[in-house]
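# coords please:
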Amino acid sequence: MAHQAPSTLPVALLARRAATALAAAAVLGTAAAPAAFAAPSPSPQKLPAGLYGTKDPQYDGVWRQSLALLAQHTVDVRPASPAVDWLVGQQCADGSYTAFRADPGKACDAKAMRDTNQTAAAVQALAALGGHGKTVTKAVEWLKSVQNDDGGWPSMPGSPSDANSTSVVIGALAAAGHRPESVTSKKGGRTPYEGLLTFRLGCDAEEEGRGAFTFQLKGAAPNADATAAAATGALGKGFAVAPADGAADAPVKPLTCKDGKESGAGKGQQAGAAAADRARAADGGAAYLVAQLGKNGQHLLSAMPGAEKQPDVGNTADAVVALAAGGHRSAAQRPLAWLEKNAAGWARQNGPAAYAQLVLAAHATGTDPRAFGGTDLVAALNATGPKPAAVSEKSTTSGKDAKSDEGGGLGVVWVVAVGLAIGAGIGFLLSGRKNRGKNGL
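Coordinates of the predicted model:
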């Protein structure tokens, strides 16, 4: 594959971050621009009829489409056939997906920027919708073919693995009916979970960051965005987490250390010990998120260097899903309440993926997304794309909320400019969602 930078940022994640913060860079070693930014494809003059959203899909078309379709599925909305057909038609012949193909009839060549995040998101959506077994199988086989030796995945094949991409792929494998622990790297035989846990901060880290995950380098700074993704991925779950109605409220368990070692850590690679280690890692990540949320009024923060910190709505929604995935019902309710009060304006500004994130957060907590702080998220999401083929009777409002750019919580979100290239190594864009720092769209 052409142009495989040593480190790249997932295009979809940049798109999500773009909703919350101005692009900025923090270099650990050196940084590299996303391959997609290195060779952008021309923006379409007219958006495809089946595509959700009205903004340029160049960097997030497949991502936002996948999240929109998946979120609709969780609330019993059957998407329009053209919307599903568009996503299916974006697949390259080898099974991979790029962020956006303006001309799906043109074969993907070596310059096509294949992206594991876009591919894994499409798998999660199409597997949930059903009826697309061949497309899903091809995508999963491609994901397996680009697994790194450490068991994890980067956004762009050939780059170092990262916690976020590995988590998204774990969710895709599980959604497609595969046991992630059985998918091993060709060299070394390492599993996705083994790869994911290499980004976890343990007893050798500063006490405040123990249990958190870094984006890429173990030993780097704790990253709330990576932690939210990894706490969900460690449990073998993806974007759509089923609500644990009736289940006991699981306590949040911070990582505990004794004599510099983690208490209760499993020994060897026996299945039971490995599963226990994953559960403990998810608990430690959840505890870190709860601590960060508690410091900031039940939302997470993003900020570019030198700028005032801003609420990070998208990453807060991801944290809610992570807490719900771990059964931490009470802990999830507090940031959820903040989202209900503050997220409507953010979602209106940023469109389908933002609405989808909120729908998925509501779904994971057993909350009605049709009455989310006074907003019908389902109707608003539906209004960003082609008219659904079928809609649950519970969702009957007009969705006019999705058309307005005014009012609601945080109001207008920062404008983003991304396109940074600095050498080769580990790149971070601080702030917003996928900050490998934090989140956005």
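# any weak-confidence spans in this protein?
Low-confidence segments of the chain (pLDDT under 70): 1-45, 218-219, 264-273, 303-305, 393-441.
# any chance you could map the strands in it?
Using DSSP state E, the strands found in the chain span residues 26-28, 257-258, 261-262, 300-302, 310-312, 426-428.
# Of all the residues in stretch 284-294, which ones are buried?
Applying a neighbour-count criterion of 16 or more other Cβ atoms under 10 Å, one finds 284, 285, 286, 287, 288, 289, 290, 292, 293 buried in stretch 284-294. (Each C-beta comes from the backbone N, C-alpha and C, glycine too.)
# for this protein, what's the longest helix?
helix 271-295 (DSSP state H).
# Surely residue 369 touches residue 355?
No: taking contacts as Cβ atoms under 8 Å, residue 369 lies outside contact range of residue 355: 9.0 Å.
# Quickly list what's touching both of those two.
Common neighbours of residue 369 and residue 355 (criterion: Cβ atoms under 8 Å, 6 or more residues apart in numbering): residue 377.
# These two: which has the busier surroundings?
Neighbours were counted for residue 369 and for residue 355 using other Cβ atoms under 10 Å; residue 355 has more, 36 against 25.
# OK, contacts around that one?
So residue 355 contacts 68, 71, 347, 377, 380, 381, 384, 402 (Cβ under 8 Å, 6+ apart).
# Give me the buried subset of the residues you listed.
Counted by 16+ other Cβ under 10 Å, the contacts of residue 355 give 68, 71, 347, 377, 380, 381, 384, 402 as buried.
# Pick the one among those residues closest to residue 55.
Using Cβ to Cβ, residue 384 is the member of the buried ones among the contacts of residue 355 that lies nearest residue 55, at 10.1 Å.
# first vs last residue of stretch 365-377, how far apart are they?
Terminal residues of stretch 365-377 lie 15 Å apart, using Cα to Cα, to the nearest Å.
# in the stretch 101-250 of the chain, which spans are helices?
Under the criterion DSSP state H, counting those that start in this stretch, the stretch 101-250 of the chain contains helices at 116-129, 133-145, 163-175, 192-197, 224-233.
# winner for burial among those helices?
Most buried of the helices of the stretch 101-250 of the chain, by mean neighbour count (mean count of other Cβ atoms under 10 Å): helix 224-233, with a mean of 31.
# and it, what does it pack onto?
helix 163-175, helix 271-295, helix 313-325 (3 or more Cβ pairs under 8 Å, 6 or more residues apart in numbering; DSSP states H and E).
# can you list the ones you listed in JSON lines and add distance to residue 83?
Formatted as JSON lines, those follow (distance: least, Cβ to Cβ, whole Å):
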{"stretch": "helix 163-175", "distance to residue 83": "18"}
{"stretch": "helix 271-295", "distance to residue 83": "33"}
{"stretch": "helix 313-325", "distance to residue 83": "22"}
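# Of all those helices, which one is nearest residue 52?
Here helix 313-325 is closest among these (Cβ to Cβ), at 16.4 Å.
# Was I right to think residue 98 contacts residue 112?
Yes: using Cβ under 8 Å, residue 98 is in contact with residue 112, at 5.3 Å.
# still on that earlier bit, including distance to residue 306, could the buried residues of stretch 284-294 go into CSV?
Formatted as CSV, the buried residues of stretch 284-294 follow (distance: Cβ to Cβ, whole Å):
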residue, distance to residue 306
284, 31
285, 29
286, 31
287, 30
288, 26
289, 26
290, 29
292, 21
293, 24
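# just the residues you listed now: which is nearest residue 226?
Distance to residue 226 across these (Cβ to Cβ) is lowest for residue 285, with 9.0 Å.
# And that closest one, how far from residue 217?
To residue 217, residue 285 is 17 Å away according to Cβ to Cβ, to the nearest Å.
# Residue 93 now?
35 Å.
# of the two, who's got more company?
The neighbour count for residue 93 versus residue 217, taken as other Cβ under 10 Å, is higher for residue 217 (18 against 8).
# buried residues in stretch 107-117?
Buried-residue list, stretch 107-117, by 16+ other Cβ under 10 Å: 108, 112, 113, 114, 115, 116, 117.
# Stretch 147-162 now?
The neighbour-count check on stretch 147-162 (16+ other Cβ under 10 Å) flags 147-148, 150-157, 159-162 as buried.
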